[in-house]
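Engineer: Below is the sequence, then the predicted model.
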Amino acid sequence: MLAVLAAGGSVSPWLVVAVTAAGLAAGVLAGSGVAVDWRRHAERIDAIAEALEARQPPPHLLPQSRDAIARAEQRLLDAADSVVSEVESLTDQRDEFETILRSMTEAVVVIGSHRGVVLLNGAARRMFALDPETDYAGRDFVELCRDPLLQDFVGHAMRSATEVVSREFMIQNPAQRYLAASAAPVRMSHDAAWVLVFHDVTQLKAYETVRADFISNLTHELRTPLAALYGYAETLMQGVEDRETQNRFLGIIDRQARRLARLLDDLISLSDLERGNTPLNFENLEPASVIGEAAELMKVAAAREGVQLEVQCAEGLPKLVGDHDRLHQVMVNLLDNAIKYTPRGGHVTASAKPGALNGAGGKSAPAVALVVADTGEGIPERDIPRLTERFYRVDRARSRELGGTGLGLAIVKHIVQLHHGALRIESRVGVGTTVTVTLPAAEQQ
């Protein structure tokens, strides 16, 4: 319009130029403002995106304007807050799950449908002797343990895709141990998987074996004297005219009854020691007194068996700390064994000398060693580690003939352990046996 008026001479051309310039300037200014506003929107959106990538809460600096872009930004910010909150919740759950896995004593392995390892915990690494730093994710389960029984269990579990499978078996690799294994199928987002849990029950199996052996041995030990008591008593009840035969039968009954009583006493004593029901009265004791009292009690038995019993005590020994009655029981048991298994004309020595025990920090602590040595038959080296087992005998027939219960050294071991001492047995076949009980020495005043 201004151009038409300027052409007709109604408006000055300069006015047209001025108005056009002003319009252009206003347009430039308006466009510049819009550009700045868009750039700020873009910067805020970039900040939200960067925060999400870093798993951090996005900045909440939004303008007060309520235009369409600002409303979109607000919705995006709300969605980002929700995502971050969900990620934090999942992270907490993952950390809790990893903490539970690390603290479990059972070995846990998760495998996929192609037997590839998804994850495993530290107990699994230790059970299968795996490198603690190696990443086993994606590797075939067979790389963890190649034992055929274990691989057979995993294969069976994967074929039973909807059931929990449990089994106990013994593996040989990387070490011999009994495992209680279970496998449960789980559904993952993209694949099927199985959670394998392995519990080492080797020690439990050993306890079961010990219990079964104990019951079997106890039954046998009780049956022998009871059979003798029953047989000879029945014979006497039927009538035996010969007085000498009667006395001999009565003597056998008396010996078997005493043997049965000793067996029951030893069983009660051992049970109390193992269960901690034996109160100990610790006091400072003279080593010579502990040995001398036991040797005095056993002198008659030694003379009857034709064995020379000698007592030797080093000079200037410190007192030892212990329960008088229990240590007396230890020395009597050791001397009784030595005398029984030393042939006529042999020699048994009970002595006390300075010793040492491993103290705190690996340092040596002062102690007193009580030693019983004999010149008896000796013990094969393979049998020495088992001598303190209940009812274990090197020569069962001879031991029963001599009246042993098979519990003496087991009782000695428990008493020594309660005194925080050490028991050592050394022997050579045909030369003799030496048993050393090392006990803590009393503090010097």
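Structural biologist: On my side now, so go ahead. Residues are numbered from 1 along each chain as shown.

Engineer: residue contacts, Leu407?
Structural biologist: Neighbour list for Leu407: 263, 266-267, 270, 390-391 [criterion: CB atoms under 8 Å, 6 or more residues apart in numbering]. Yep, even glycine has a C-beta here, placed from its N, CA and C like the rest.

Engineer: Redo these as CSV? Include secondary structure, distance to Arg139 and pLDDT.
Structural biologist: Converted to CSV, these look like this (DSSP: H, G, I helix; E, B strand; the rest coil; distance: CB to CB, whole Å; pLDDT from 0 to 100):
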residue, secondary structure, distance to Arg139, pLDDT
Leu263, helix, 57, 76
Asp266, helix, 55, 74
Leu267, helix, 54, 76
Leu270, helix, 50, 74
Arg390, coil, 47, 73
Phe391, coil, 49, 71
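
Engineer: how about the residue nearest the centre of the chain, phi and psi?
Structural biologist: Closest to where the C-alpha atoms of the chain average out (CA atoms, centre = their mean) is Thr105, at 8.2 Å. Note on Thr105: its backbone torsions stand at phi -80, psi -20 [degrees, to the nearest 10].

Engineer: I figured it hits Ala123, correct?
Structural biologist: Yes. With contacts counted by CB atoms under 8 Å, Thr105 reaches Ala123, the gap being 6.0 Å.

Engineer: Could you report the neighbour count for Leu204?
Structural biologist: By the criterion of other CB atoms under 10 Å, Leu204 has 12 neighbours.

Engineer: and it, what is it in contact with?
Structural biologist: Leu204 neighbours (CB under 8 Å, 6+ apart): Tyr178.

Engineer: Quick check: buried residues in the helix or strand where it lies?
Structural biologist: Following DSSP states H and E, one finds Leu204 within helix 202-238. Applying a neighbour-count criterion of 16 or more other CB atoms under 10 Å, the buried positions in helix 202-238 are 217-218, 221, 225, 228-229, 232.

Engineer: Same check on stretch 115-132?
Structural biologist: By neighbour count on 16+ other CB under 10 Å, the buried set for stretch 115-132 is 115-121, 123-125, 127-128, 130.

Engineer: Tabulate those residues (CSV), appending distance to Phe282, secondary structure and pLDDT.
Structural biologist: Putting these into CSV (distance: CB to CB, whole Å; DSSP: H, G, I helix; E, B strand; the rest coil; pLDDT from 0 to 100) gives the following:
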residue, distance to Phe282, secondary structure, pLDDT
Arg115, 59, coil, 88
Gly116, 60, strand, 89
Val117, 55, strand, 88
Val118, 56, strand, 85
Leu119, 52, strand, 85
Leu120, 49, strand, 87
Asn121, 44, coil, 86
Ala123, 40, helix, 87
Ala124, 45, helix, 88
Arg125, 44, helix, 88
Met127, 42, helix, 89
Phe128, 46, coil, 89
Leu130, 47, coil, 88
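
Engineer: What is the nearest of these to Asp147?
Structural biologist: Within the set of those, Phe128 lies nearest Asp147; the separation is 9.2 Å, counting by CB to CB.

Engineer: ok so, going back, so how far is the helix holding Leu204 off the chain centroid?
Structural biologist: Computed by CA atoms, centre = their mean, to the nearest Å, the chain-centroid distance of helix 202-238 equals 33 Å.

Engineer: re earlier: using a markdown table, please lay out the buried residues of helix 202-238 together with distance to Val165.
Structural biologist: As requested, these are exported to a markdown table (distance: CB to CB, whole Å):
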| residue | distance to Val165 |
| --- | --- |
| Asn217 | 37 |
| Leu218 | 38 |
| Glu221 | 43 |
| Pro225 | 50 |
| Ala228 | 53 |
| Leu229 | 53 |
| Tyr232 | 58 |
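
Engineer: Just give me the closest of these to Ala288.
Structural biologist: Of all these, the one with the least separation from Ala288 (CB to CB) is Glu221, at 36.0 Å.

Engineer: any idea how far Phe214 is from that closest one?
Structural biologist: Relative to Phe214, Glu221 is positioned 10 Å away (CB to CB, to the nearest Å).

Engineer: what touches both of the two?
Structural biologist: Residues touching both Glu221 and Phe214 by CB under 8 Å, 6+ apart: Phe391.

Engineer: Backbone dihedrals for Cys145, both of them.
Structural biologist: Here Cys145 shows phi and psi, under degrees, to the nearest 10, equal to phi -160, psi 130.

Engineer: which ones are touching it?
Structural biologist: Under the criterion of CB under 8 Å, 6+ apart, the contact partners of Cys145 comprise 128, 151, 171, 173-174.

Engineer: among those, which two are most distant?
Structural biologist: With CB to CB as the measure, no two of the contacts of Cys145 lie farther apart than Gln151 and Pro174, at 14.1 Å.

Engineer: Check the gap between Ala107 and Leu149 for me.
Structural biologist: In terms of CB to CB, Ala107 sits 15 Å off from Leu149.

Engineer: In terms of neighbours, single out the busier of those two.
Structural biologist: Between Ala107 and Leu149, counted using other CB under 10 Å, Ala107 has the larger neighbour count: 23 against 15.

Engineer: In contact with the residue nearest to that one when sequence neighbours are not counted, which residues?
Structural biologist: On the basis of CB to CB, 6 or more residues apart in numbering, the spatially nearest residue to Ala107 that is not a chain neighbour turns out to be Ala124, at 3.8 Å. Neighbour list for Ala124: 107-109, 130, 144, 198 [criterion: CB under 8 Å, 6+ apart].
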